[in-house]
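Peer 1: can't give you the sequence, but here's the structure:
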């Protein structure tokens, strides 16, 4: 995802970021519309800085981990306020909530898998007995 040639740059076009992260320019504009990214404008062109790129990395990581845009927005607003303690506390809270939900889903999936295996075994046994 992070390309060495992008690391030293200060300015990025929307197409640069889209290509680097394998997302559409429309997705980047959506994050901008939601206030998660704030590129500068030079004429009608969006100009993204390193800070925007770093924020995009956090947005994409948050989405990949299943956090809502609201959660990501809350986290980024603390990032802007430079309140590390509040930011870390919010991160801990949101991670704990997400872990709890995923662990519940994992339990549900394990139960479903077990039930499906029982059904499959029953069906296999029936076939072996000549149904």
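Peer 2: Perfect, I can see it now. What you see is a predicted model, and the numbers here were worked out from it, not measured in a lab.
Peer 1: all contacts plus neighbour counts: C-alpha atoms, from now on.
Peer 2: Fine.
Peer 1: can you pull out the helices in this protein?
Peer 2: 4-7, 14-21, 25-33, 50-64, 69-80, 84-128 (DSSP state H).
Peer 1: Just tell me which of those ends up closest to residue 40.
Peer 2: Set against residue 40 and scored by Cα to Cα, the helices of the chain come closest in helix 50-64, at 9.7 Å.
Peer 1: For that closest one, which residues meet the burial criterion?
Peer 2: 52-53, 55-57, 59, 62 (16 or more other Cα atoms under 10 Å).
Peer 1: any idea which strand is longest in this structure?
Peer 2: In the chain, taking DSSP state E as the definition, the longest strand is strand 45-49.
Peer 1: List of residues touching that one?
Peer 2: 10-14, 38-41 (Cα atoms under 8 Å, 6 or more residues apart in numbering).
Peer 1: again with stretch 59-72
Peer 2: 36, 58, 94, 98.
Peer 1: again, only using 10 Å
Peer 2: Here stretch 59-72 makes contact (Cα atoms under 10 Å, 6 or more residues apart in numbering) with 21, 23, 31, 34, 36-37, 53, 55-58, 73-77, 90-91, 94-95, 97-99, 102.
Peer 1: for that stretch, the distance to its chain's centre please.
Peer 2: Centre-to-centre, stretch 59-72 and its host chain are 4 Å apart (Cα atoms, centre = their mean, to the nearest Å).
Peer 1: any idea of the mean pLDDT in it?
Peer 2: Mean pLDDT, stretch 59-72: 95.
Peer 1: same deal with stretch 33-53?
Peer 2: For stretch 33-53, the mean per-residue pLDDT is 92.
Peer 1: What separates the first and last residues of that stretch, distance-wise?
Peer 2: When the termini of stretch 33-53 are compared using Cα to Cα, to the nearest Å, they are 16 Å apart.
Peer 1: which of the residues in it are buried?
Peer 2: Of all the residues in stretch 33-53, those buried under the rule 16+ other Cα under 10 Å are 36-39, 46-49, 52-53.
Peer 1: do you know how far residue 42 is from residue 113?
Peer 2: In this structure, residue 42 lies at 55 Å from residue 113, with Cα to Cα as the measure.
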